[in-house]
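Student: Sequence first, predicted coordinates after that:
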Amino acid sequence: MRTSVRPATSCSRSSRGCPAPTRASRGRSCEGPRRPRPDRGPAPCRRASRWAGSSSGQQGSLVTVDLQRRLDAASSIARDAGELALDFFERRESLITETKGQQDYVSVADREVEALIVRRLVEEFPDDSTLGEEGGGTTGDAVWVIDPIDGTTNFLRGIPFWCISIAFVWRGVTEIGVVRDPTRDQLFSALRGGGARLNDRAIGVSGRSSLDDALVGFGYGGRSDPAGFAEASRRILERHAEFRRLGSAALSLCYVASGRLDGFWQAHLSAWDALAAMVVIREAGGRTNDFLADGGLARGNHVLAATPGLFDDLAALSGLG
């Protein structure tokens, strides 16, 4: 397995200074709420670190991954990938499309956008692994998880609600999330411990704590149980919440992070659909389930995300708690 580890010798943003390395495992639980970071400009340089020892018992050395550099690179790559995707979107009627499953499509746009993202990531971080929806890949200590176009059905039908999603996972923890909405020129991003941003401003979840006036997003896919979904929907509707099914899980989750939605749930999603946006939600002060538990990176998992005041109710009513 490939990992990207390097000595902590310099900071890509040395003009601002770089704090001492901190362990990636420190901090709150991935399910705990976090206050939105004040709008003080870009987050400081951060590095995830661990101690590498030897079998002979010699003293280990500190090795790190530069998280700020990766966040900057992922943001730039997502913008460029968005431009390519927009070009395909404008001539979508001429695209060759294949069916992967029921209501599950892939086009040349998905493959070309993913190829661009992977190529750029490999050039920038040659020791990192990549895992993409269309091209697959490998996993290791450092892995990029990529959805080139989340919301392909919307994309192919001309509905401007789709996005590019890029997450970075270091030793089982999602450290970075970047979601690009090219049609609205919006970039959602987060670095674990550094807050969540929409373009250049800090964002936070809404303050709603009652389903009576909540707007909840949901998804329904091939692995959803129709009877279970219907029952969960009935229970939530009885609490007078309103529903929206927008067609892109990653972008819907970012709408939770920015307060446009108050919660989101889906019985099953793949890692590339959810990881990037879920770290954005947590850094925006929201709560999510632990997606990577029980092999979620490889097998996928359910997704539950909401404001701190709604999370427990939504978990109980959806049956995903």
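Tutor: Good, I have the coordinates. Numbers count the residues shown, from 1 in each chain.
Student: Would you mind listing where the stretch 1-150 of the chain has pLDDT under the threshold?
Tutor: For the stretch 1-150 of the chain, residues meeting the criterion pLDDT under 70 lie at 1-64, 96-105, 136.
Student: One more pass at 50, please.
Tutor: Applying pLDDT under 50 to the predicted model, the residue ranges of the stretch 1-150 of the chain that meet it are 1-44, 50-63.
Student: who's in contact with residue 119?
Tutor: In this structure, residue 119 makes contact with no residue, judged by C-beta atoms under 8 Å, 6 or more residues apart in numbering. In this view, the C-beta of every residue, glycine as well, is placed from N, C-alpha and C.
Student: Can you tell me the SS state at it?
Tutor: Three-state assignment for residue 119 (DSSP: H, G, I helix; E, B strand; the rest coil): helix.
Student: how many neighbours does residue 316 have?
Tutor: Around residue 316 sit 11 other residues, with neighbours defined as other C-beta atoms under 10 Å.
Student: so it is in which element?
Tutor: helix 308-318 (DSSP states H and E).
Student: correct me, but residue 174 touches residue 292?
Tutor: Yes: applying C-beta atoms under 8 Å, one finds residue 174 in contact with residue 292, separated by 7.0 Å.
Student: And these two? Which one has more around it.
Tutor: residue 174 (25 against 18).
Student: Residue nearest the middle of the protein, spatially speaking?
Tutor: What sits nearest the mean C-alpha location of the chain, by C-alpha atoms, centre = their mean, is residue 276, with 1.0 Å.
Student: Could you find the closest non-adjacent residue to residue 78?
Tutor: residue 180 (3.9 Å; C-beta to C-beta, 6 or more residues apart in numbering).
Student: in which helix or strand would I find the one you found?
Tutor: Assigning secondary structure by DSSP H and E places residue 180 in strand 173-181.
Student: so what does that strand touch, helix or strand wise?
Tutor: Helices and strands touching strand 173-181, as assessed by 3 or more C-beta pairs under 8 Å, 6 or more residues apart in numbering; DSSP states H and E, comprise helix 67-90, strand 163-170, strand 186-191, helix 249-257, helix 271-283.
Student: In JSON lines: those, plus distance to residue 233.
Tutor: JSON lines is the format used below for these (distance: least, C-beta to C-beta, whole Å):
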{"stretch": "helix 67-90", "distance to residue 233": "31"}
{"stretch": "strand 163-170", "distance to residue 233": "25"}
{"stretch": "strand 186-191", "distance to residue 233": "27"}
{"stretch": "helix 249-257", "distance to residue 233": "16"}
{"stretch": "helix 271-283", "distance to residue 233": "20"}
